[in-house]
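**Q** Give me the fold of what follows.
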Amino acid sequence: MALRADKTLREPHLTEMPSRRVAVLRTHGNPEKLSGDAMRPLWNAVNAVKHGRVATRGDDFQLEPIRARWPIDPGTSKEDWVGIWAIPLPDDVNALPIDDPEHHVEIDTWEYGKVAEILHEGSYGEEGRAVETLRRFIDDEGYEIAGPFEEEYLARPGAAVPKTFIRFRVKPR
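**A** Below you'll find the model as predicted:
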């Protein structure tokens with residue numbers, strides 16, 4: 001997925017998203033310490049699907065950015081965070097050709113529907129303002145949060161200016 005460069009994405013907005021088939025890996029602990037451990041097995045599993053499809057069927061698919069859901073209560077210590085890391089897959093993928101026994105990757109379907117999102121440009125430590133802006137927007141528009149906090153990482157790790165979609169599934173209040 002190419003980064004949608006529209007400046008309006010830097011403002012909170014509502015959009016519809018279809019359900020997505022994803023490869024997922026769960027972590028428990030500080031994401032700053034565990035993100036590399038999560039990304040490698042995910043990329044390996046999805047790349048194995050991609051290369052297997054090219055070799056056996058001749059078809060290919062575009063790799064999309066990693067996403068993560070954080071089903072946590074605000075104020076929880078980062079050492080206790082549960083992270084659910086994901087990479088979207090084609091809808092017809094039902095099995096992964098490899099599995100790292102130390103980092104189990106499985107297939108799931110993430111439900112979406114109506115979401116509120118905002119594009120945050122800057123460090124992860126500065127996301128708090130964008131999250132609060134998004135929460136106020138959700139409330140002002142007559143919605144409530146209906147799912148966990150989600151991030152979609154649009155820039156490579158270590159980028160000078162990280163770009164992250166921050167989103168929540170929402171429903172009418």
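
**Q** Do a quick rundown of the strands in the protein.
**A** Remark: strands assigned in the chain by DSSP state E are 13-17, 20-28, 67-70, 82-88, 106-110, 113-121, 143-145, 149-153, 163-172.

**Q** Quick one: those strands as a markdown table, columns for distance to Lys50, mean neighbour count and mean pLDDT too.
**A** Placement of C-beta: from N, CA and C, glycine included. Conversion of the strands of the chain to a markdown table gives the following (distance: least, CB to CB, whole Å; neighbours: other CB atoms under 10 Å; pLDDT from 0 to 100):
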| stretch | distance to Lys50 | mean neighbour count | mean pLDDT |
| --- | --- | --- | --- |
| strand 13-17 | 22 | 12 | 96 |
| strand 20-28 | 11 | 19 | 94 |
| strand 67-70 | 17 | 20 | 94 |
| strand 82-88 | 10 | 22 | 94 |
| strand 106-110 | 14 | 15 | 96 |
| strand 113-121 | 26 | 19 | 96 |
| strand 143-145 | 33 | 15 | 97 |
| strand 149-153 | 19 | 20 | 94 |
| strand 163-172 | 23 | 19 | 96 |
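
**Q** Compare these and give me the one nearest Arg129.
**A** Arg129 sits nearest to strand 113-121 of all the strands of the chain, at 8.5 Å, using CB to CB.

**Q** what helices or strands is that closest one leaning on?
**A** strand 13-17, helix 127-140, strand 163-172 (3 or more CB pairs under 8 Å, 6 or more residues apart in numbering; DSSP states H and E).
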